[in-house]
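Engineer: With the sequence up front, the predicted model follows.
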Number of protein chains: 2
Amino acid sequence: MIEALSEIVGKSNVLTSPEDTKPYFTDWRRMYAAPAECVVRPASTDEVSRVVAQCAREGVAIVPQGGNTGLVGGSVPTGARREVVLSLSRMNRVRALDPLNDTITVEAGCVLAAVQQAAEGAGRLFPLSLAAEGSCQIGGNLSTNAGGVNVLRYGNAREQVLGLEVVLPDGRVWDGLRGLRKDNTGYDLKQLFLGAEGTLGIITAAVLRLYPRPTATATAWVAVESPQKAVELLAELRKHLGDRISAFELVSRECLDAVLAHRPETRDPLKERKPWYVLAEFGDSGAADSLRERVTDALESHEAVLAQSDEQSRQLWRIRESIPEAQFTNVKHDVSVPVSRTPELIERAGRALKAAFPESRPYVFGHVGDGNLHYNIGPESLLKRGAEVNRIVYDAVAALGGSISAEHGLGQLKREEVRQHKSAVELELMRTLKKALDPQGLMNPGKLL
Amino acid sequence: MIEALSEIVGKSNVLTSPEDTKPYFTDWRRMYAAPAECVVRPASTDEVSRVVAQCAREGVAIVPQGGNTGLVGGSVPTGARREVVLSLSRMNRVRALDPLNDTITVEAGCVLAAVQQAAEGAGRLFPLSLAAEGSCQIGGNLSTNAGGVNVLRYGNAREQVLGLEVVLPDGRVWDGLRGLRKDNTGYDLKQLFLGAEGTLGIITAAVLRLYPRPTATATAWVAVESPQKAVELLAELRKHLGDRISAFELVSRECLDAVLAHRPETRDPLKERKPWYVLAEFGDSGAADSLRERVTDALESHEAVLAQSDEQSRQLWRIRESIPEAQFTNVKHDVSVPVSRTPELIERAGRALKAAFPESRPYVFGHVGDGNLHYNIGPESLLKRGAEVNRIVYDAVAALGGSISAEHGLGQLKREEVRQHKSAVELELMRTLKKALDPQGLMNPGKLL
């Protein structure tokens, strides 16, 4: 096996020694670690195709891996069977950029930040943006349908894709690299592989949408009385500012306090203590003054700070971005409900948690504009009762028609739990797809399904 | 069979007499007509489910039908086997509207205009808009992934969907009616049924996105020297106006002349004759004056008319909307290429057609902002050589990486032709999906595949 793979990708691109393979076998949060036979690093679609065909012949399973920054153990081996980690890192070329079609064609191993930069170099915007953008790879972003802070305005990773190139579980290549905004010639096959966590095939390249770069931006930090007021503020702002709102993030006082304690250089943007805040970002074409004026008007009746410089804007965003590290050890959730029901979720889950664990402390923040909350429960001592905490939170989510994984996927972490939340028909449809496309079950086994 | 169906939906909702069934058995353009056993008109998801289960037991195929306004014969029987037309018309309730989540839940039989109106009643916008909106039904729009004039700004029908309810080919109901903007808990099953032309199941209801209503609109008619200049104008306008551009339609002088001749009440918006025009629509929040000022600035160096009233705007749009009827009898195409290559398509296909048919006259118009042209070839005498004309146009489309059906689907009209344009791998993937989800081949046979 090792020899056959070496012949395809070259000896130096088949890693077997523990010091070489370790980073590939362990997930980012160090929750999952298991060895595989090797790490293979093909440099082209053709090499991926031959590696996959070789594995299919030998019945060896494949774990596709991008930047390995996922949070659910989706990109590392499970150790349950013969597996190979297939790293896409060497496939990192920008194949084409078409400014008049507003598209960029990239290989799966391009780091997200590199895609953003290539777009910027052509005066365009690639809007997908998330904390791991300096190391995550676009293939992983697409395979997990990544979200991030700009979903409200631009949609999830799925919405950025016009075309895909995919190596199928038997090694055949599906070339669906079309740059079309309209194409109704049969089933939209790319949708199968987007968000499938590598369980149906390996995305090797994609044609992505680009957008005009906003020439004006504004950042506001707004105090609100409650999550309900935050949701109402969003509706009000959408009325006045339409799609100029690119991000709308909720931050609880508990989160702000944690950040102020953790990073002494940060400070409370407002003089008085408030229970809840919204961090909102706005973008527009035209002049910055004109946008700022409109935002000021729209926020007139609210207690708010509008960043007066790029540096001030960065300071406000630093608060939001520091929340995960400021209270790292707690029971984490990445859940979503309809936007209108986020207040009810916070209230309902908080009440049930208090009843079961009087010491519990919710750290609530996230993309409330998408109904997506990172609903994390401290203190650290609750970690050992994580399963019970999850149960309470997930029950509240289920009662409100929500999702237990809004943007992080299922991976190994939630593949069991999700069975509680899906109908028998839905689970069977998922299994039917898996069986039809990957009858041998070779693609990323033990993840998602 | 008739008796069993009558028991489910009531006798008056199983139509068998020729005068009752005729409109259901003939397509809108009268290109396809074939009888089926009956027309069955269920009023609820449960009734659809029972009808489908009954048909599955008897091995009778089902032709789902909405407003029957499709242009490719996708919603009428083929006559090749025992079939039943299942009309969704009676399932026309708006089930819910959630203003703070910006969603509306509708049944498949809702007429598109009724969905638009329900949204408007709540101060929201449902942006899908196309010529047949007064009679087409949302279930058909979703099953064909309809396009229309607002795709540039809001996307195709597919992009408007957050959740679906589907009756599967064996009669089971998949309830995927979620109103979530982010949900990464496994395969995104709704994508399977969107654009599948009823060949994998019957969409019975959907949760759709709503948007803020633009408070300001503007309409401009701009002369351009060539299609290339039109594409460059789009890039320029996107830079200055971003997503305020909601429609960007190309109109050739030939099309304008045809309209002026066909509808004597219309007039040339500009004094001088020009070879090409763009009709652009703009929308924004805020004051109309402010938008109009920005559009005027952006068009400063162009010969353009900006509508000064709603009536003037309607007059401009009437020109665009009258093109299909003004030159009805010609060889029609609904093709797309990357936006950047639309000029090349027009040039290339036009040249090849002139060489083969010196009398040929292209009527070029369409959604150039999406790379989607309705590329129609007159005179009428060429109709009998339609296959040869198609061949020339489709070869040019293929050479430019385009699609032979941008927004109308395949239906019966293009299901053979599409095989020339898809790789063996792609066709096999499509067949694999069909076989996995509809192993008996009962759903809308003879369409798409």
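Structural biologist: Perfect, I can see it now. It should be emphasised that the depicted structure is a prediction, and the values quoted were computed from it without experimental measurement.
Engineer: all contacts plus neighbour counts: C-alpha atoms, from now on.
Structural biologist: Will do.
Engineer: Which residues of the stretch 251-400 of chain A lie near chain B?
Structural biologist: A:284-286, A:336-340, A:370-372 (C-alpha under 8 Å from any C-alpha of the partner chain).
Engineer: do that again at 10 Å, thanks
Structural biologist: Counting by C-alpha under 10 Å from any C-alpha of the partner chain, the stretch 251-400 of chain A comes close to chain B at A:283-287, A:294, A:334-342, A:367, A:369-372.
Engineer: Any of these buried? List them.
Structural biologist: Buried members of those, scored by 16 or more other C-alpha atoms under 10 Å in any protein chain shown, are A:283-286, A:334-342, A:367, A:369-372.
Engineer: Tell me which of these fall in helices.
Structural biologist: If you go by DSSP state H, those have residue A:342 in helices.
Engineer: among the buried ones among the residues of the stretch 251-400 of chain A next to chain B, which are in strands?
Structural biologist: A:283-284, A:334-336, A:367, A:372 (DSSP state E).
Engineer: Export those residues as a markdown table, with columns for distance to residue B:103.
Structural biologist: Listed next are those as a markdown table, based on distance: C-alpha to C-alpha, whole Å:
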| residue | distance to residue B:103 |
| --- | --- |
| A:283 | 24 |
| A:284 | 25 |
| A:334 | 22 |
| A:335 | 19 |
| A:336 | 15 |
| A:367 | 18 |
| A:372 | 16 |
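Engineer: could you pull out the helices for chain A?
Structural biologist: A:2-9, A:18-25, A:45-58, A:112-121, A:138-143, A:151-154, A:190-193, A:227-241, A:253-262, A:288-298, A:310-326, A:342-356, A:386-399, A:424-437.
Engineer: Select, out of the ones you listed, the one closest to residue A:84.
Structural biologist: Ranking the helices of chain A by proximity to residue A:84 (C-alpha to C-alpha) places helix A:45-58 first, at 8.2 Å.
Engineer: quick check, the closest one touching chain B?
Structural biologist: No: Helix A:45-58 stays clear of chain B (C-alpha under 10 Å from any C-alpha), getting no nearer than 13.5 Å.
Engineer: send the alpha carbons of that helix over as PDB?
Structural biologist: C-alpha atoms of helix A:45-58 as PDB (Å, rounded to 0.1, in the frame of the first residue of the first chain):
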ATOM      1  CA  THR A  45      -6.500  16.000  -9.200                       C
ATOM      2  CA  ASP A  46      -5.000  13.200 -11.200                       C
ATOM      3  CA  GLU A  47      -2.900  12.100  -8.200                       C
ATOM      4  CA  VAL A  48      -5.900  12.300  -5.900                       C
ATOM      5  CA  SER A  49      -7.800  10.200  -8.400                       C
ATOM      6  CA  ARG A  50      -5.100   7.500  -8.500                       C
ATOM      7  CA  VAL A  51      -4.700   7.500  -4.700                       C
ATOM      8  CA  VAL A  52      -8.400   7.000  -4.200                       C
ATOM      9  CA  ALA A  53      -8.600   4.300  -6.900                       C
ATOM     10  CA  GLN A  54      -5.700   2.500  -5.200                       C
ATOM     11  CA  CYS A  55      -7.400   2.700  -1.800                       C
ATOM     12  CA  ALA A  56     -10.700   1.500  -3.300                       C
ATOM     13  CA  ARG A  57      -9.000  -1.500  -4.800                       C
ATOM     14  CA  GLU A  58      -7.500  -2.400  -1.400                       C
END
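Engineer: For it, buried residues please.
Structural biologist: Neighbour-count burial for helix A:45-58 flags A:45-56 (criterion: 16+ other C-alpha under 10 Å).
Engineer: ok and the residue in the stretch 151-300 of chain A nearest chain B?
Structural biologist: Nearest residue of the stretch 151-300 of chain A to chain B: residue A:183, at 4.3 Å (C-alpha to the nearest C-alpha).
Engineer: Got phi/psi on that residue?
Structural biologist: The phi and psi torsions at residue A:183 (degrees, to the nearest 10) take the values phi -160, psi 100.
Engineer: check contacts around the residue nearest to it when sequence neighbours are not counted.
Structural biologist: Leaving aside its sequence neighbours, residue A:183 sits nearest to residue B:406 (C-alpha to C-alpha, 6 or more residues apart in numbering or on different chains; 4.3 Å). Applying C-alpha atoms under 10 Å, 6 or more residues apart in numbering or on different chains to residue B:406 gives the contacts A:180-185, B:145-147, B:333-337, B:370-374.
Engineer: go again using 8 Å as the cut-off
Structural biologist: A:182-185, B:334-336, B:372 (C-alpha atoms under 8 Å, 6 or more residues apart in numbering or on different chains).
Engineer: Relative to residue B:136, which of the ones in strands among the buried ones among the residues of the stretch 251-400 of chain A next to chain B is nearest.
Structural biologist: The shortest approach to residue B:136 among these belongs to residue A:336, at 33.1 Å (C-alpha to C-alpha).
Engineer: these two touch, right, the closest one and residue A:371?
Structural biologist: Yes: counting by C-alpha atoms under 8 Å, residue A:336 touches residue A:371, with 5.2 Å between them.
Engineer: Could you pull out the residues contacting both of these two?
Structural biologist: By C-alpha under 8 Å, 6+ apart, the residues touching both residue A:336 and residue A:371 are A:342, B:180, B:182.
Engineer: What count of nearby residues applies to residue A:355?
Structural biologist: Residues lying near residue A:355 (other C-alpha atoms under 10 Å in any protein chain shown) number 11.
Engineer: where does the stretch 101-250 of chain A come near chain B, residue by residue?
Structural biologist: So far as C-alpha under 8 Å from any C-alpha goes, the stretch 101-250 of chain A lies against chain B at A:101, A:144-145, A:147, A:156, A:159, A:172-174, A:178-189, A:191-192, A:195-196, A:212-214, A:231-232, A:235, A:238-242.
Engineer: Out of those residues, name the ones that lie in strands.
Structural biologist: Reading strands off these with DSSP E, I get A:173-174, A:212.
Engineer: residues touching residue A:191, list them.
Structural biologist: A:158, B:188, B:191-192.
Engineer: export these to a markdown table and tack on distance to residue A:380?
Structural biologist: A markdown table is the format used below for these (distance: C-alpha to C-alpha, whole Å):
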| residue | distance to residue A:380 |
| --- | --- |
| A:158 | 35 |
| B:188 | 35 |
| B:191 | 40 |
| B:192 | 42 |
